[in-house]
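Asks: only geometry, no sequence info:
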């Protein structure tokens, strides 16, 4: 059993917003499918850290989740800034059940144990968020990350966020402080694409290894986190 991760799959089977026109994204869905299934087995788990789909409701989402559900392994999904379909956990779990999407789970105020590792995380917060800066929103995200970490039972806890908590330009001190306080040693994030990836920090800061896992940055291949 191995743990992998990727972010920003930006699927659009049910909408008309394919990413193929962006530099480096040509045939990205087929590349994800081939690379994923060549690497991931049915016994493995893949965390997808946000921006799963361009859908805005479950009807548009269904085809994207059908694609994900049929990829190898179990998928643990968290929210990104473009996941407008995201709603309550009760409604999302009902959607999974109704459509027999039995390889997909949601990371939302909870955590999952994967072969001795606790998978934790949330969306996070970033300076270019589409939401107006609001202390309440920031505190909500900090509390969600804390709730996720506190629910974990393994000694090794790995945090997956959509927004980068640190970049070359700025950092979200509230989230970084929480990660330090909780003894987190590894944190993976997405959101940064193309030229924006130059602002990513892939290094150890305050004892935490941070790394960008956006799909294009990984050449549309899930990254091995732990085997």
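Replies: Good, I have the coordinates. Quick caveat: nothing in here was measured; it's all calculated off a predicted structure.

Asks: Residue 59 should be in a strand, yeah?
Replies: No - Residue 59: not assigned to a strand; according to DSSP: H, G, I helix; E, B strand; the rest coil it is helix.

Asks: Please name the spatially closest residue to it (chain neighbours excluded).
Replies: Distance criterion C-beta to C-beta, 6 or more residues apart in numbering; nearest residue to residue 59, sequence neighbours excluded, is residue 14 at 7.0 Å. Yep, even glycine has a C-beta here, placed from its N, CA and C like the rest.

Asks: ok, the spatially most central residue of the chain to residue 81 distance?
Replies: Taking C-alpha atoms, centre = their mean, the centroid of the chain lies closest to residue 49, which sits 0.3 Å from it. Note on residue 49: its distance to residue 81, by C-beta to C-beta, to the nearest Å, is 12 Å.

Asks: beta partners of residue 120?
Replies: In this structure, residue 120 bridges to residue 159 when assessed by DSSP bridges.

Asks: For it, list the residues it contacts.
Replies: Applying C-beta atoms under 8 Å, 6 or more residues apart in numbering to residue 120 gives the contacts 107, 111, 145, 148, 149, 151, 152, 157, 158, 159, 160, 184.

Asks: Show me the longest helix that occurs in the protein.
Replies: helix 135-151 (DSSP state H).

Asks: measure residue 175 to residue 195 for me?
Replies: 24 Å.

Asks: quick one: low-confidence parts of this structure?
Replies: 127-133 (pLDDT under 70).

Asks: Which residue ranges of it form strands?
Replies: Under the criterion DSSP state E, strands of the chain are mapped to 3-6, 45-49, 74-78, 104-106, 112-114, 117-122, 156-161, 186-189, 204-205, 208-212, 223-226.

Asks: Name the residues of the first one that are buried.
Replies: Of the residues in strand 3-6, those scored as buried under the neighbour-count criterion (16 or more other C-beta atoms under 10 Å) are 3, 4, 5, 6.

Asks: How about the residue in this structure that sits furthest from its center?
Replies: residue 98 (23.4 Å).

Asks: how near is that one to residue 214?
Replies: On the measure of C-beta to C-beta, residue 98 and residue 214 end up 30 Å apart.

Asks: again, but for residue 15
Replies: Distance from residue 15 to residue 214, by C-beta to C-beta: 20 Å.

Asks: And for residue 179?
Replies: 20 Å.

Asks: out of the contacts of residue 120, which are buried?
Replies: Buried among the contacts of residue 120 (16+ other C-beta under 10 Å): 107, 111, 145, 148, 149, 152, 157, 158, 159, 160, 184.

Asks: The fifth one contacts residue 158, doesn't it?
Replies: It refers to residue 149. No - contact criterion C-beta atoms under 8 Å: residue 149 and residue 158 do not qualify, at 10.1 Å.

Asks: list residues touching both of those two?
Replies: By C-beta under 8 Å, 6+ apart, the residues touching both residue 149 and residue 158 are 118, 120, 184.

Asks: what about the first one, neighbour count?
Replies: The reference is to residue 118. Neighbours of residue 118 under the rule other C-beta atoms under 10 Å: 19.

Asks: In this structure it contacts residue 150, no?
Replies: No - counting by C-beta under 8 Å, residue 118 sits too far from residue 150 to count as a contact (10.4 Å).

Asks: quick revisit: who has more neighbours, residue 175 and residue 195?
Replies: When neighbours are counted by other C-beta under 10 Å, residue 175 and residue 195 differ, and residue 175 comes out ahead with 25 against 8.

Asks: which residues does the more buried one contact?
Replies: 124, 125, 141, 142, 145, 161, 165.
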